[in-house]
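> The sequence and its predicted three-dimensional model are supplied below.
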Amino acid sequence: MISRCFFRYLKQTSLADYVAFRSFSRSQQTPAAVTSSFIDSLRTAVGDNNVSTSDAIREQHGHDESHHEVYKPDVVVFAESVEQVSKVAKLCNEKKVPLIPFGSGTGLEGGVNALSGGVTLDVTKMNQIVEVNAEDFDCTVQPGVMRIALNSYLRDTGLWFPIDPGADASICGMCATSASGTNAVRYGTMRENVLNLQVVLPDGRVIHTAGKGKRCRKTSAGYNLTNLFVGSEGTLGIITQATIKLYGLPEKTIAAVCHFKTVQEAVDTVVQIMQSGITMAKLEFLDDKAIEAFNKFSKYNMPVAQSLFLEFHGPALGLEDQFNTVKDLIELNGGLGLQMATDEDERKRLWKARHEMLWACTALIPGSKPYSTDICVPISHLPEVIIKTKQWIDEAKVLAPVLGHVGDGNFHVILPMTLDTGQNEIMKALALQIALLAMDLNGTCTGEHGIGMGKCHLLEKEIGPVGIQVLKDVKKCFDPNGIMNPGKIIS
Ligand SMILES: Cc1cc2c(cc1C)N(C[C@H](O)[C@H](O)[C@H](O)COP(=O)(O)OP(=O)(O)OC[C@H]1O[C@@H](n3cnc4c(N)ncnc43)[C@H](O)[C@@H]1O)c1[nH]c(=O)[nH]c(=O)c1N2
Ligand SMILES: CCCCCCC(=O)C(=O)O
Ligand SMILES: [Mn+2]
């Protein structure tokens, strides 16, 4: 039974939102015209070995890591070059067949699920690092280059690409979702780190969003096409190359963990650290439930309490001063157990465990699939939003750990979805309620996972009917036949 209190906020804001959410249904797309002669033309374009209609391959490409229902494409194509991507796009456009770009399938909003069937275009075979300009701190990669492989390749140069969503995602998939993660508080998100993109448009034309070969740090040359494609989730074109910023590996790194008796103390500390102007590299909150999952899954023995995980990057000189300033703030707010950790192996183990929190939380209920909230609010509203969220979780009597990138005002509630539909309805209502609160407090329903198939109804609420109409106009301009990843972002 859901408590009346649980729905109080929902009722205060708008019951209509909840009804709209419950009855939200994706507008049915025209079924794909994938005939055998169409598949033959794909084989001619990319070679027999690069076209698969096997059920297992279609299943594998019909979902990401989220709980969303699987939607298999009719056919999966593996591209090996920009020319092949262009030919496939042209063929799909001519026959009005849906075309869904696929990076590595680690998304969390059903971005790759083929809602209307069609062709899924897997770009993992295009995995070359095109160039590294160490002296300019940038590099250019093909769409199948993965984040961890890029950083291994860069290691000897003393450079790295710090944006880290935890999962080993493709760099171009990260561009497509505007990913971020634990290091964004210092290094920004994909939006701040992409200098140029090569994109194949649905009609097969190839563009460079900042101009061919351009990789300058600043430009005021016209509309920002690059950032139109960052976060476009495969709905405007296929990203076939990305030029991104690199950074020097930090000379010194300090990690630390501390815990608090109350959520208020922990989150007040976060706000004060951010307002003090200290540049944190990571500033993560894990609530008591998250710590329980963390201990169990990764074999730690941390106090089960509201916790902060922190990391500092910088020159050896002065970094300990920053640590000590933060230490003072933590202690002033009642924080306990803070210790400096500089041992590299222990640090790696800690962050690996943090990145596995999705699996740690879902393991709390075996067989469950994760449903995620991803709100982001201005930092001053963070204490209010986290405290209300935790109160609602308690009232709803669901097991839902809270964790996230609080230095950015961004956090997740991990809602393990099971076969118990009653319980799932409660989870979805809770997720909606949290998103509505964030939006009321000048925040967004998604800081980093994107809209995908799961949050279209929230985007409508977030940017309003005129905003949505403008997005639809933009979509029409790039993709007049509506073939690119239909049903995503705007339904
Ligand atoms: C355990 C765990 C933990 C996290 C996350 C995942 C998992 C499994 N994520 C989410 C995820 O890693 C993130 O969304 C990636 O950016 C997705 O990259 P993929 O290559 O897997 O794209 P994937 O293949 O999943 O595609 C995602 C979307 O991008 C589109 N796309 C992919 N490649 C494209 C291309 N070349 N051109 C055009 N469109 C393309 C797809 O069509 C789809 O809409 C995350 N994220 C985050 O920001 N912060 C975090 O903290 C985490 N944490
Ligand atoms: C489905 C749960 C998503 C939250 C976990 C992934 C994530 O973004 C993280 O920070 O961890
Ligand atoms: Mn995250």
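Everything's here; your move. Numbering: from 1, shown residues only. Ligands and ions are numbered 1, 2, ... in the order given.
> Model confidence at the residue in the stretch 351-491 of the chain that ligand 1 sits nearest to, what's the number?
Here the stretch 351-491 of the chain gets closest to ligand 1 at one residue, Glu448, 3.4 Å apart by C-beta to the nearest ligand atom. Where you see a C-beta, it was placed from the backbone N, CA and C, and this is true even at glycine. Note for Glu448: predicted pLDDT of 98.
> what are the phi and psi angles of the nearest residue to Thr182 once chain neighbours are set aside?
The spatially closest residue to Thr182, leaving aside those adjacent along the chain, is Lys282, at 4.7 Å (C-beta to C-beta, 6 or more residues apart in numbering). Dihedral angles of Lys282 (phi, psi; degrees, to the nearest 10) stand at phi -140, psi 140.
> what's the neighbour count on Lys282?
24 (other C-beta atoms under 10 Å).
> now the one 10 residues further on
Residues lying near Glu292 (other C-beta under 10 Å) number 18.
> if I look at it, how far off is Val51?
Here Glu292 is placed at a distance of 47 Å from Val51 (C-beta to C-beta, to the nearest Å).
> Strands of the stretch 251-400 of the chain, start to end?
Secondary structure of the stretch 251-400 of the chain, counting by DSSP state E, counting those that start in this stretch: strands at 252-260, 282-286, 306-314, 336-341, 369-372.
> Now tabulate these in a markdown table and tack on distance to Arg43 and mean pLDDT.
Output for the strands of the stretch 251-400 of the chain, formatted as a markdown table (distance: least, C-beta to C-beta, whole Å; pLDDT from 0 to 100):
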| stretch | distance to Arg43 | mean pLDDT |
| --- | --- | --- |
| strand 252-260 | 50 | 97 |
| strand 282-286 | 47 | 98 |
| strand 306-314 | 49 | 98 |
| strand 336-341 | 55 | 90 |
| strand 369-372 | 35 | 85 |
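> quick one: which of those is nearest His457?
strand 369-372 (14.5 Å; C-beta to C-beta).
> buried set for stretch 439-458?
Residues of stretch 439-458 classed as buried: 439, 441, 443-458 (neighbour count, 16 or more other C-beta atoms under 10 Å).
> can you check stretch 308-327 too?
308-314, 319-320, 322-323, 326-327.
> does stretch 200-212 come close to ligand 1?
No. Using C-beta under 6 Å from any ligand atom, stretch 200-212 never reaches ligand 1; the gap is at least 8.5 Å.
> And stretch 224-232, by the same measure?
No. Stretch 224-232 stays out of contact with ligand 1 when judged by C-beta under 6 Å from any ligand atom, the minimum separation being 7.0 Å.
> try stretch 376-383
No. Between stretch 376-383 and ligand 1, judged by C-beta under 6 Å from any ligand atom, nothing touches; the nearest distance is 11.0 Å.
> same check, this time on stretch 233-242
Yes. Judged by C-beta under 6 Å from any ligand atom, stretch 233-242 comes into contact with ligand 1 at 233-234, 238-239.
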